[in-house]
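A.B. asks: Starting from these lines, generate the structure:
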Amino acid sequence: DVLINEVPLLFRKDIYALACIAGGFVYFVCYKFSLPAPLTELAAALTVIAIRIAAVKFHIQLPILNLDKPTKED
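C.D. replies: Numbering: from 1, shown residues only. Have a look, this model is predicted:
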């Protein structure tokens with residue numbers, strides 16, 4: 001990202017990392033309940049896909065991180 005002068009994917013307003021974190025959580029819960037591996041993997045993948053589709057369809061975005069400090073004008 002630095003070499004091509006682009007904002008890192010995690011700092012953009014689209015939901016990518018959050019969907020993956022939710023999918024990981026679903027995987028963890030299914031694993032703890034000893035569900036079969038194919039079912040666990042399918043549930044996690046469908047969670048990520050469903051969140052991404054809902055975010056695109058309903059235009060759901062994360063707030064943009066503003067690192068600029070306010071300046072006082074005299």
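
A.B. asks: For the longest helix along the chain, enumerate the helices and strands it packs against.
C.D. replies: Using DSSP state H, we find that the single longest helix of the chain is helix 37-57. Judged by 3 or more C-beta pairs under 8 Å, 6 or more residues apart in numbering; DSSP states H and E, the packing partners of helix 37-57 are helix 17-32. Heads up, the C-betas are built off the backbone N, CA and C, glycines and all.

A.B. asks: Now the helix it packs on: buried residues?
C.D. replies: Of the residues in helix 17-32, 18-19, 22-23, 26-27, 30 count as buried by neighbour count, 16 or more other C-beta atoms under 10 Å.

A.B. asks: quick one: low-confidence ranges for this protein?
C.D. replies: Counting by pLDDT under 70, the ranges of the chain that qualify are 1, 8-13, 64-74.

A.B. asks: Show residues contacting the longest helix of the chain.
C.D. replies: Outside helix 37-57, the residues within contact range by C-beta atoms under 8 Å, 6 or more residues apart in numbering are 14-16, 18-20, 22-24, 26-27, 30-31, 35, 60-61.

A.B. asks: and with 7 Å instead?
C.D. replies: 15, 19-20, 22-23, 26-27, 30-31, 60 (C-beta atoms under 7 Å, 6 or more residues apart in numbering).
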